[in-house]
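**Q** Got a predicted structure plus its sequence, pasted below:
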Amino acid sequence: MKRMTALFSAALLSAGMMTATAHAQQDPAQAPEQPQAAAPAQDFSDEQLQQFADASQEIAVISQEYTERLQAADDEASQQEVRMEANDRMVEVVEDSGLDVDTFNAIGQAIQQDPELMQRVQEMANPS
């Protein structure tokens, strides 16, 4: 269950990151200040960051689709079923991208704490 929650959180983060890209580029003054994290930054390869960017775009679509289904669910059991199905699809996308779930989540956490890393991933996700 912890793994599902972490992935679902990362998926929502990545969905937000991808949809907020244009806003962040237009008005960086509105970006919330991120406190410096005590955890050391990990070095991720360009390949891993590209895999994260690609998977994040797919996950953003899945997240939107399942958010709508989650809101339409009638009861807690139905909501749980939707969450589990969404998680399975997101895990599949991450693994198909060449990353494991832990690495995907680690990159997701790292970009929250490192604006330069976030910008690199956003540029990979939105090539000019």
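**A** Arrived safely. Residues are numbered from 1 along each chain as shown.
**Q** For the rest of this, base every contact and every neighbour count on C-alpha atoms.
**A** Noted.
**Q** isn't L70 right up against Q79?
**A** Yes. Because the distance of 5.5 Å satisfies CA atoms under 8 Å, L70 is recorded as touching Q79.
**Q** Now list whatever residues contact both of those two.
**A** The overlap between the contact sets of L70 and Q79 (CA atoms under 8 Å, 6 or more residues apart in numbering) is empty.
**Q** Which positions within stretch 76-85 qualify as buried?
**A** Using 16 or more other CA atoms under 10 Å as the test for burial, stretch 76-85 gives 79, 82-84.
**Q** Looking at these, which is nearest Q113?
**A** Closest approach between the buried residues of stretch 76-85 and Q113, by CA to CA: R83, at 26.6 Å.
**Q** what sits against the closest one?
**A** Residues counted as contacts of R83 (CA under 8 Å, 6+ apart) are 66, 70.
**Q** For it, give me the pLDDT.
**A** R83 carries a pLDDT value of 93.
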